[in-house]
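*Asks:* All I have is the shape, not the residue letters:
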């Protein structure tokens with residue numbers, strides 16, 4: 001009868017560094033951080049409010065707040081950005097914790113009458129997961145440090161010229177209604193896995209995924225278009241909803257792992273206009289593809305969408321190396337190439 005409470009206490013010792021014995025006021029006093037600020041950071045990390053008299057904090061919480069104070073004293077983190085940084089970390093690590101909890105839940109289902117076994121498994125796995133997480137974090141930090149060191153002393157590292165792409169699953173909502181949880185989870189896992197692999201192969205970065213869609217960035221327009229063309233092809237299957245992609249190019253602000261710019265909104269609008277299996281880009285990205293033998297870019301009819309009265313989408317297709325049945329490689333395609341060049345040479349109105 002006491003096995004479950006004992007398991008919970010053991011898990012607290014393992015994950016939280018000890019028993020929950022401090023209230024919010026007590027942890028603030030012991031850490032030297034005022035209560036209002038501790039509550040603001042607690043919320044920013046994504047945790048629900050606790051009552052003033054609830055003993056939910058541990059010695060590790062006290063130490064974490066002391067460490068934050070040391071970071072602020074060092075000048076690395078200031079008071080104006082600490083909540084934003086806490087929010088970014090909380091959102092990223094919450095998703096990781098969800099996945100790891102699912103692993104633990106599967107273990108519990110295998111041993112419903114032996115909860116202590118799950119604690120023993122966690123005791124074995126936690127140090128291994130911590131080491132892997134630390135390694136991945138340091139590797140990402142190293143990659144970003146290379147970009148920082150390569151930039152000039154006066155060059156802003158948070159504002160860059162990037163290609164931003166969206167890919168989403170067409171008809172995902174209606175398709176998902178008829179799927180069981182396991183089947184839906186497998187499809188989302190396949191989608192995210194394929195996207196992450198393909199974006200990495202083409203030197204891009206997955207910014208975030210949201211169920212039926214993914215946002216990615218590339219420094220190279222060609223890499224972004226290759227991702228856009230290959231994703232629908234490699235994803236295509238009779239039991240999967242089709243993919244469509246939109247991409248745009250321009251100045252982007254990178255902040256706390258996310259990206260902000262009208263370019264991001266433009267890529268989203270282009271995605272909503274794309275037909276299944278196609279890639280639409282903006283004029284700036286189309287101009288960067290100009291003259292590249294591997295691609296054909298074609299201007300489509302201007303449309304009005306939210307935020308854009310006369311948006312000019314450009315359809316990107318791969319130019320075949322050898323003629324294929326039904327593919328026009330003669331004078332008409334040459335005429336369309338010339339027409340596309342004329343449109344690109346025309347100043348925007």
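*Replies:* Everything's here; your move. It should be emphasised that the depicted structure is a prediction, and the values quoted were computed from it without experimental measurement. Numbering: from 1, shown residues only.
*Asks:* Next, the contact list for residue 226, please.
*Replies:* residue 202 (CB atoms under 8 Å, 6 or more residues apart in numbering). To be clear about C-beta, it is placed using only N, CA and C from the backbone, and glycine gets the same treatment.
*Asks:* did I read that right, residue 72 in a helix?
*Replies:* Yes. Applying DSSP: H, G, I helix; E, B strand; the rest coil, one finds residue 72 inside a helix.
*Asks:* Look through the chain and tell me its longest strand.
*Replies:* In the chain, ranked by residue count with DSSP state E as the criterion, the top strand is strand 243-255.
*Asks:* what lines up beside the helix or strand following it in the sheet?
*Replies:* Sequence-wise, the next helix or strand downstream of strand 243-255 (DSSP states H and E) is strand 258-260. According to DSSP bridges, strand 258-260 has the following sheet partners: strand 243-255 (antiparallel).
*Asks:* re earlier: now do the buried residues in the longest strand of the chain.
*Replies:* For strand 243-255, the neighbour count (16 or more other CB atoms under 10 Å) marks 243, 244, 245, 246, 247, 248, 249, 250, 252, 254 as buried.
*Asks:* average pLDDT across it?
*Replies:* The average pLDDT within strand 243-255 is 93.
*Asks:* Tell me the one among the buried residues of strand 243-255 nearest to residue 38.
*Replies:* residue 254 (29.3 Å; CB to CB).
*Asks:* Which residues are in contact with that closest one?
*Replies:* 158, 159, 160, 260.
*Asks:* I'd like the list of those residues that fall within strands, please.
*Replies:* Using DSSP E, the contacts of residue 254 in strands are 159, 160, 260.
*Asks:* Count residues in the vicinity of the closest residue to residue 306 other than its chain neighbours, would you?
*Replies:* With CB to CB, 6 or more residues apart in numbering as the criterion, residue 306 has its nearest non-adjacent residue at 7.2 Å, and that residue is residue 269. Using other CB atoms under 10 Å, residue 269 is surrounded by 20 other residues.
*Asks:* quick one on the thing from earlier: between which two of the contacts of residue 254 is the distance greatest?
*Replies:* 160 and 260 (11.8 Å).
*Asks:* Please identify which of the two sits among more neighbours.
*Replies:* The neighbour count for residue 160 versus residue 260, taken as other CB under 10 Å, is higher for residue 160 (17 against 13).
*Asks:* pLDDT wise, what is that one at?
*Replies:* 86.
*Asks:* give the contact list for the closest residue in space to it that isn't next to it in sequence.
*Replies:* In space, and not counting its chain neighbours, residue 160 is closest to residue 252: 5.9 Å by CB to CB, 6+ apart. Applying CB under 8 Å, 6+ apart, we find residue 252 in contact with 159, 160, 161, 162, 164, 217, 259, 260, 261, 263, 264.
*Asks:* and which of these is nearest residue 23?
*Replies:* residue 260 (38.2 Å).
*Asks:* and the closest one, how far is that from residue 253?
*Replies:* 5 Å (CB to CB, to the nearest Å).
*Asks:* Also residue 293?
*Replies:* Residue 293 is 34 Å from residue 253, by CB to CB.
*Asks:* can you check residue 222 too?
*Replies:* Distance, residue 222 to residue 253, using CB to CB: 23 Å.
*Asks:* how about low-confidence regions in the stretch 151-300 of the chain?
*Replies:* In the predicted model, the stretch 151-300 of the chain carries pLDDT under 70 at residues 151-157.
*Asks:* Pull out the buried positions in stretch 43-58.
*Replies:* 44, 45, 56, 57, 58.
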